[in-house]
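*Asks:* Sequence and predicted structure are below.
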Amino acid sequence: MLTTPRWMKELRMQKNLAVLLLRMEGSPDMPTLDYATQLFTAAGRGTGNLLDYYDEMSHGRLDLSGSRVYDWINYGHTKQDILDEWAKAKREKKQELLNAKVEEATAEQQSGEYANAVSRGKIVEWARDAAAQNGITIATDDVIICVFNQSADYFGSPGRAVLNWNAADLGCFSVDLTGVAHEVGHALGLNHSRMDGSAAEYGDKWDIMSAYNVRHFDQSGGPVPPGSTYFTYGPGLNAVNMELAGWLDQSRVFNISSGSKTYHTQLHLRPLHRRDLPGWLAAKLMIGSRPIYLEFRMDAGWDMAFAAPCILLHQESIHPQDGQPCSEVLVAQPNALRGARADLRAGETFEIGNVLDIFGHYATITVREINRETQEAWVDIYVRAPQVYEGPSGIPFGGVIEGGGGLVFVPGRGFVPVPPHSPLIRVMAHLADVVTLQTVNRGERGPVIDQLSLSSLISARDTLSDMIASRQAPKVPSVYQLSEETGSTG
């Protein structure tokens, strides 16, 4: 049985969910009080409920055991009241923007965003009013969860979430575990997860903070099998989001920082959320000043809907809408046969940087093996630090000095000036490519590397041959050279 170390207990975060079941006229009281109690509170421990989920996602650091569900009360407002608040806020804000000479399209967008914020604030305000009228006291530090019996809204933001029962589709925008875990994630301070290089929201199919655009288990359309009591579940939370929330167990993270040296190691990983297993649960790889997080995820448990066990790579980014930190998944296989994907599977390699750029950072991450039975992954990591050369004081080596020349270092002779625009510069560039290619792990790319090296050597040879031919050519005095215009000398 897993025991929580004392130092981890001291870091446990206590958060209480105050779940209000809010009745609007015209729909039955759904979900039932028993269903909601099982989903949101300690009464449902062991059923795969929200507390089970966030216990694993937080490496045991988030304590939701004090959460409580309050039985159905009248909300006191209708869906039309909410729509009227939205329309009023939008109309007034848009007029204000137009009066300030803001363009029509911009005013339309900004007033809509403003109206969303106003109406959502009003939904929670009215919920608190209804609770107070029914003698329910909600502590200021509680996370308030509003659950409606019909469509009202569906969102989460720090300290609050609004959900509704969706009788038409119990597994989408309803009181199902995937949707609830996502919106409660917002209530706990998490932002949407994204994909590197894309401006779209919900870009990480392997992370709960991409809402329903994820690989999750959904049995809402048929009989609910054991283990999916709440219609849907999964996926888990990625390592960067766990880090941003303060939940990632740093004692189980392998830190790799090569500094100014080339670094090669083999990493042994366990699944990110399986803190009951010995070993590293994640790795943090520094490529210069850029941290890349590596995590191993099995196609089991909360991640049952994954196509295969895999390594995922994430980085921290800034959300473009609110400027808050968020996670981004890297596209590890951009040229996969069935389309680009982020999951890195056994035998696959991901490259960071340009192998030919010896002055930039370069790294490869190769999944050597994944063992399904023992739930272990072995990853080869190679990091090549940029090469740094320093020339004589005041003169840039590899750069351009006064007059357009440069310098070449020759063993035994030191730095030798190279005339401006000399073909020798091209020769040295080709030879530098050959040296760089010799530092690359060959593996299956050996023939390609050999071909590139040969091509660079041939180019260097041809440039030198041209220089030699030019020097050996007879020099004809200009007085005897033919005029291109007249064909005569002179």
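*Replies:* Good, I have the coordinates.

*Asks:* What ranges does the protein have for its helices?
*Replies:* 6-10, 33-40, 50-57, 79-99, 104-133, 177-187, 239-245, 424-437, 446-472 (DSSP state H).

*Asks:* any low-confidence regions in the stretch 351-490 of the chain?
*Replies:* 389-416, 418-421, 439-446, 448, 471-490 (pLDDT under 70).

*Asks:* again, only using 90
*Replies:* Applying pLDDT under 90 to the stretch 351-490 of the chain flags the ranges 353-361, 384-490.

*Asks:* just the stretch 101-250 of the chain next, same as before
*Replies:* The model of the stretch 101-250 of the chain has pLDDT under 90 over residues 139-141, 170-171, 197-201, 211, 213, 215-229.

*Asks:* residues near the residue lying closest to S27 once chain neighbours are set aside, how many?
*Replies:* Counting by C-beta to C-beta, 6 or more residues apart in numbering, S27 lies nearest to Q150, which is 4.0 Å off, once chain neighbours are set aside. Where C-beta positions appear, they are placed from N, C-alpha and C, glycine not excepted. Q150 has 18 neighbouring residues, counting by other C-beta atoms under 10 Å.

*Asks:* mind checking how far Q150 is from N164?
*Replies:* 6 Å (C-beta to C-beta, to the nearest Å).

*Asks:* if we can go back for a sec, closest one to S157 among the helices of the chain?
*Replies:* S157 lies closest to helix 177-187 among the helices of the chain, at 5.6 Å (C-beta to C-beta).

*Asks:* ok and that closest one relative to helix 50-57, angle-wise?
*Replies:* 70 degrees (axes from the mean of the first three to the mean of the last three C-alpha atoms, to 10 degrees).

*Asks:* any idea of the angle helix 177-187 forms with helix 33-40?
*Replies:* Using the same axes, to 10 degrees: helix 177-187 against helix 33-40 is 60 degrees.

*Asks:* re earlier: wait, doesn't the residue nearest to S27 sit right on M24?
*Replies:* Yes - here Q150 lies in contact with M24, judged by C-beta atoms under 8 Å, at a distance of 5.5 Å.

*Asks:* got a list of contacts for stretch 316-326?
*Replies:* 191-194, 196, 199, 209, 240, 243-244, 291, 327-328 (C-beta atoms under 8 Å, 6 or more residues apart in numbering).

*Asks:* swap the cut-off to 6 Å and go again
*Replies:* With contact meaning C-beta atoms under 6 Å, 6 or more residues apart in numbering, stretch 316-326 is reached by 191, 240, 244, 328.

*Asks:* Quick check: buried residues in it?
*Replies:* Neighbour counts over stretch 316-326 (16 or more other C-beta atoms under 10 Å) mark 316, 319, 325-326 as buried.

*Asks:* tell me which of these is nearest to V175?
*Replies:* Using C-beta to C-beta, those come closest to V175 at C326, 25.7 Å.

*Asks:* Check the gap between the closest one and G185 for me.
*Replies:* C326 is 12 Å from G185, by C-beta to C-beta.

*Asks:* got it, and V124?
*Replies:* For V124 relative to G185 (C-beta to C-beta), the value is 17 Å.

*Asks:* Tell me how many other residues crowd A211.
*Replies:* Around A211 there are 21 residues (other C-beta under 10 Å).

*Asks:* How about the contacts made by it?
*Replies:* Taking C-beta under 6 Å, 6+ apart as the test, what A211 contacts is 182, 202.

*Asks:* Tally up the residues packed near S289, please.
*Replies:* 6.

*Asks:* what are the phi and psi angles of it?
*Replies:* phi -100, psi 10 (degrees, to the nearest 10).

*Asks:* how much space between it and R120?
*Replies:* 38 Å.

*Asks:* Then L294?
*Replies:* 37 Å.

*Asks:* Give the residue from those two that has the larger number of neighbours.
*Replies:* L294 (27 against 19).

*Asks:* The more buried one and W280 touch, don't they?
*Replies:* No - contact status for L294 versus W280: not in contact, 9.3 Å apart, counting by C-beta atoms under 6 Å.

*Asks:* which residue ranges form the strands in the stretch 251-400 of the chain?
*Replies:* 253-257, 263-269, 282-287, 290-297, 310-318, 325-329, 349-352, 362-371, 376-384 (DSSP state E, counting those that start in this stretch).

*Asks:* Relative to C172, tell me which of those strands wins on proximity.
*Replies:* strand 325-329 (22.5 Å).

*Asks:* what lines up beside the closest one in the sheet?
*Replies:* The strands beside strand 325-329 in its sheet (DSSP bridges) come out as strand 194-195 (parallel), strand 310-318 (antiparallel).

*Asks:* The closest residue in space to I311 that isn't next to it in sequence: how many residues sit nearby?
*Replies:* Distances taken as C-beta to C-beta, 6+ apart put L344 closest to I311, at 4.3 Å, once the chain neighbours are dropped. Per other C-beta under 10 Å, the neighbour tally for L344 reads 23.

*Asks:* same thing with the one 5 residues further on?
*Replies:* A count of nearby residues for T349, using other C-beta under 10 Å, gives 18.

*Asks:* Please verify my assumption that it contacts A363.
*Replies:* No - if you go by C-beta under 6 Å, T349 and A363 don't touch, sitting 10.5 Å apart.

*Asks:* what bridges to the residue nearest the centre of the chain?
*Replies:* By C-alpha atoms, centre = their mean, the chain has its centre lying nearest to E328, at 1.6 Å. In this structure, E328 bridges to R194, Q315 when assessed by DSSP bridges.

*Asks:* Next one: it from H192, what distance?
*Replies:* E328 is 10 Å from H192, by C-beta to C-beta.

*Asks:* on that earlier part again, so can I have CSV of the contacts of stretch 316-326 showing distance to D129?
*Replies:* Output for the contacts of stretch 316-326, formatted as CSV (distance: C-beta to C-beta, whole Å):
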residue, distance to D129
N191, 29
V240, 38
L244, 33
E328, 40
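
*Asks:* Who wins on neighbours among these?
*Replies:* The contacts of stretch 316-326, ranked by neighbours (other C-beta under 10 Å): first place V240, 29 neighbours.

*Asks:* What's the separation between M286 and I292?
*Replies:* For M286, the distance to I292 equals 8 Å [C-beta to C-beta].

*Asks:* Same drill for the two, tell me which one is more crowded.
*Replies:* Higher neighbour count among M286 and I292: I292, with 21 against 17, using other C-beta under 10 Å.
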